[in-house]
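# structure for the following, please:
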Amino acid sequence: QVQVVESGGGLVQAGGSLRLSCVASGRTFRSNAVGWFRQAPGKEREFVATITTGGQSTTYTDAVKGRFTISRDNAKNTAYLQMSNLKPEDTAVYYCAQGIYSSSPGGYGVWGQGTQVTVSS
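Below you'll find the predicted structure:
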């Protein structure tokens, strides 16, 4: 059974940086796109970024463009979300998912448990 596990979350001051990691089990990682989503308290889960199977293409939500970078290392079955110039509104639980190259949560069938990111002002 394919699983993904996120790590790297934590508490950071506004303007700081964090790098989230998403490690996948199984042999299907390189055949799937990877997406990052986030969910703040009282809000719906929202799209953050996605990357194609080989990493050639990426898409970001407007709120994080120029600040976040998604990448992947298929040899390590790992995807990353480098977050810079963090803002308090970035506070959320961040989820990694495997699926098709899409900004919709419905495009992803395997989800991690999430990692908390808290940005203080």
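# what about the residue positioned nearest the centre of the chain, which helix or strand?
In the chain, the centroid-proximal residue (C-alpha atoms, centre = their mean) is W36; its distance is 2.7 Å. Assigned by DSSP states H and E, W36 belongs to strand 33-39.
# ok, which stretches of the protein are strands?
4-7, 10-13, 18-24, 33-39, 46-51, 58-60, 68-73, 78-83, 92-99, 108-111, 115-120 (DSSP state E).
# save those strands as CSV, and put in mean pLDDT too.
As requested, the strands of the chain are exported to CSV (pLDDT from 0 to 100):
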stretch, mean pLDDT
strand 4-7, 97
strand 10-13, 98
strand 18-24, 97
strand 33-39, 98
strand 46-51, 98
strand 58-60, 98
strand 68-73, 98
strand 78-83, 98
strand 92-99, 97
strand 108-111, 96
strand 115-120, 98
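# hang on, the earlier thing: ok, residues contacting the strand holding W36?
Contacts with strand 33-39, where a contact means C-beta atoms under 8 Å, 6 or more residues apart in numbering, come from 20, 22, 45-53, 70, 72, 79, 81, 90, 92-103, 105, 107-108, 114, 117. For glycine as for every other residue, the C-beta is placed from the backbone atoms N, C-alpha and C.
# for ChimeraX, what selects the buried ones among those residues?
Filtering those down to the buried ones (16 or more other C-beta atoms under 10 Å) takes a single ChimeraX command:
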select :20,22,45,47,48,49,50,51,53,70,72,79,81,90,92,93,94,95,96,97,98,99,101,105,107,108,114,117
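# how about the nearest residue to the residue of the chain positioned farthest from its centre, chain neighbours excluded?
Distance from the C-alpha centroid of the chain peaks at S121, with 22.3 Å (C-alpha atoms, centre = their mean). Of all residues not flanking S121 in the chain, P88 sits nearest, at 4.8 Å (C-beta to C-beta, 6 or more residues apart in numbering).
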